[in-house]
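**Student:** A structural model of the following input is requested.
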Amino acid sequence: MSSETREAINAFAIDVKRGLDESPKTLPSRYFYDEKGDELFQKIMDLDEYYLTRAEFEIFVRQKDEILKCFLGNENAFRLVELGAGDGTKTKVLLSHFLENNADFTYSPIDISENVLEQLQGDLKVELPSLKVEPIVGEYFSALEDLAANDKAKEIVLFLGSNIGNFDKSSGVGFLTHIGENLSAGDMLLIGFDLMKSPQKILSAYNDKEGVTKAFNLNLLIRINNELGANFNIEDFGHFPTYDPITGETKSHIVSKKEQTVYVEALDESYSFDAWEAIHTEVSQKYSMKMIEAYAIESGFEIVKNFRDSNQYFVDSLWRKL
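**Tutor:** A predicted model of the protein is given here:
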């Protein structure tokens, strides 16, 4: 086992212990994404109920010309930095268009999952062989700090897919402010926001008929079993999402179906669950345009342009660092 793998497992164990010791219990959503989790999330994005990916894809297909014009401004060269690149399905629409228009840019996808980046880089070599790709495995901020110290080109950061929705208001502003601290005045951030809409439309996206989202959440318990030696019986847990149309918060929970005790070997600890006790796993915030405007101002940015899909489900908001 490499030292990097050992460190990752230790960090995982620490976070699991911290979360299961809390009341109510929690588990960090970032640990959804092992190899199996990546595969399940790709399936989620193809579901009929999961409108987010299609909405953002439509924005890029229909408005790629205007996006490129805004990215270029009065300059010719830039570095396109994507946080949490995934499989790059939507981003490839932009990358292909930029190459077709002879834009001078380098693409740097950043992801905590080395598996995802290897797959993405392999796909890009085949699909866009002329693309300059410099992937970075790791946490967002350490990667951005390295780029800020060593790269003088204009930087445009992509944070797509409504990933910002995994933060509450305070931590979201803190996250975006931290991104801005690693950018220079005039650098840009294109950030995806899922907009408030029909509550049933939103809830269905997190509770699909095929049960893929359920499997995605429960895979976190399987990962704890496999990596930390726990004995979660997956059949004894369910998945339960909620949506609050007043605050815009969608929350996901793993729920214990009965009173039970689970042992985690790596922690040498046992954890008791009451019947129907919930483990909170994820927040997926939905936004009004007023909320987005406030986010930009509080984070040290100004809004350049908002790109929306035809159904008004989603917006990619382009910000400039002040």
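
**Student:** residue ranges of each domain in this structure, please.
**Tutor:** Domains of the chain are assigned by automatic domain parsing as 3-32+212-285, 51-195+287-321.

**Student:** columns mean neighbour count on top of those, output as CSV?
**Tutor:** Using the backbone N, CA and C atoms, a C-beta is placed for each residue, glycine as well. Formatted as CSV, those follow (neighbours: other Cβ atoms under 10 Å):
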stretch, mean neighbour count
domain 3-32+212-285, 16
domain 51-195+287-321, 18
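
**Student:** as JSON lines, those domains with mean pLDDT and distance to residue 203 would be great.
**Tutor:** JSON lines is the format used below for the domains of the chain (pLDDT from 0 to 100; distance: least, Cβ to Cβ, whole Å):
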{"stretch": "domain 3-32+212-285", "mean pLDDT": "94", "distance to residue 203": "5"}
{"stretch": "domain 51-195+287-321", "mean pLDDT": "91", "distance to residue 203": "12"}
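
**Student:** could I get these as a markdown table with distance to residue 205?
**Tutor:** Listed next are the domains of the chain as a markdown table, based on distance: least, Cβ to Cβ, whole Å:
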| stretch | distance to residue 205 |
| --- | --- |
| domain 3-32+212-285 | 8 |
| domain 51-195+287-321 | 6 |
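
**Student:** right, and those - which one's nearest residue 43?
**Tutor:** domain 3-32+212-285 (5.0 Å; Cβ to Cβ).

**Student:** distance between the closest one and the chain's centre?
**Tutor:** Domain 3-32+212-285 sits 18 Å away from the centroid of its parent chain (Cα atoms, centre = their mean, to the nearest Å).

**Student:** got it, and stretch 92-112?
**Tutor:** 19 Å.

**Student:** same deal with stretch 138-146?
**Tutor:** 15 Å.

**Student:** same question, stretch 55-72
**Tutor:** For stretch 55-72, the distance to the chain centre is 20 Å (Cα atoms, centre = their mean).

**Student:** out of the domains of the chain, nearest to residue 40?
**Tutor:** Across these, closest to residue 40 is domain 3-32+212-285 (Cβ to Cβ), at 4.3 Å.

**Student:** ok, the residue of the chain most remote from its centre - contacts?
**Tutor:** Most distant residue from the mean C-alpha position of the chain: residue 259, 33.0 Å away (Cα atoms, centre = their mean). Applying Cβ atoms under 8 Å, 6 or more residues apart in numbering, we find residue 259 in contact with 272, 273, 274, 275.

**Student:** now it. Its backbone dihedrals?
**Tutor:** The phi/psi pair for residue 259 (degrees, to the nearest 10) reads phi -70, psi 130.

**Student:** residue 321 against residue 182, yeah?
**Tutor:** No: Residue 321 lies out of contact with residue 182 (Cβ atoms under 8 Å); the separation is 9.7 Å.

**Student:** returning to that earlier point: among the domains of the chain, which comes closest to residue 206?
**Tutor:** Taking Cβ to Cβ, domain 3-32+212-285 is the member of these nearest to residue 206, at 4.0 Å.

**Student:** need the strands for the stretch 51-200 of the chain, in chain order.
**Tutor:** 77-83, 104-111, 136-137, 155-159, 188-194 (DSSP state E, counting those that start in this stretch).

**Student:** output those as JSON lines; include the columns distance to residue 237.
**Tutor:** Shown next, in JSON lines, are the strands of the stretch 51-200 of the chain (distance: least, Cβ to Cβ, whole Å):
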{"stretch": "strand 77-83", "distance to residue 237": "31"}
{"stretch": "strand 104-111", "distance to residue 237": "28"}
{"stretch": "strand 136-137", "distance to residue 237": "31"}
{"stretch": "strand 155-159", "distance to residue 237": "31"}
{"stretch": "strand 188-194", "distance to residue 237": "27"}
